[in-house]
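>>> with the input below, show me the fold.
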Amino acid sequence: MSSDSVRVGVLSLHNSKETKAICNAVEDLGHEPVWLREENAAISVEDGEVSVEPAVDVIANRLLLSNTDQPAELLGLATTFERIRPMLNEPDAVLAAIHKFATAATLADWNIRVPDALL
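Numbering: from 1, shown residues only. Purely as a prediction, here's the structure:
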């Protein structure tokens, strides 16, 4: 790896071809991919200092909320990582995408017509 390469954490708790493809693309671009899984990822707070294991510079969020019984738990996990490292596919965007009223409110706010609805 070159001196200007970064360690890209790919946050994905499931095995998938897409996640492997992201890791391969990161490597092809000259950076170091780190697949963040339940088995190898940890966040600790000690004496007011937050650290991530393994150490990464940026995180690509690949958590699949549609396949879990507890999407709020995964959103919380992604939010925790986002608070301490820059993140692609931020949790707020994921939440807006999976919740139909959050999506409708966002689109309506951008002056895009949406069907009438009541929550």
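>>> lowest confidence element among the helices and strands of the protein?
helix 91-98 (a mean of 79; mean pLDDT, DSSP states H and E).
>>> this structure: helices as residue ranges?
17-28, 71-84, 91-98, 100-109 (DSSP state H).
>>> so which of the ones you listed is nearest residue 45?
Of all the helices of the chain, helix 71-84 sits nearest to residue 45, with 9.6 Å by CB to CB. Yep, even glycine has a C-beta here, placed from its N, CA and C like the rest.
>>> pull out the buried positions in stretch 36-51.
36, 41 (16 or more other CB atoms under 10 Å).
>>> who's in contact with it?
Applying CB atoms under 8 Å, 6 or more residues apart in numbering, the contact partners of stretch 36-51 are 9-13, 52-54, 56, 59, 80-81, 84.
>>> then stretch 61-73?
10-14, 16, 18-19, 22, 74-75, 77-78, 81-82, 87-91, 94, 98.
>>> whichever of those residues end up buried, select them in PyMOL.
To isolate the buried subset of the contacts of stretch 61-73 in PyMOL, counting by 16+ other CB under 10 Å, use the following:
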select buried, resi 10+11+12+13+19+22+74+75+77+78+81+82+87+91+94
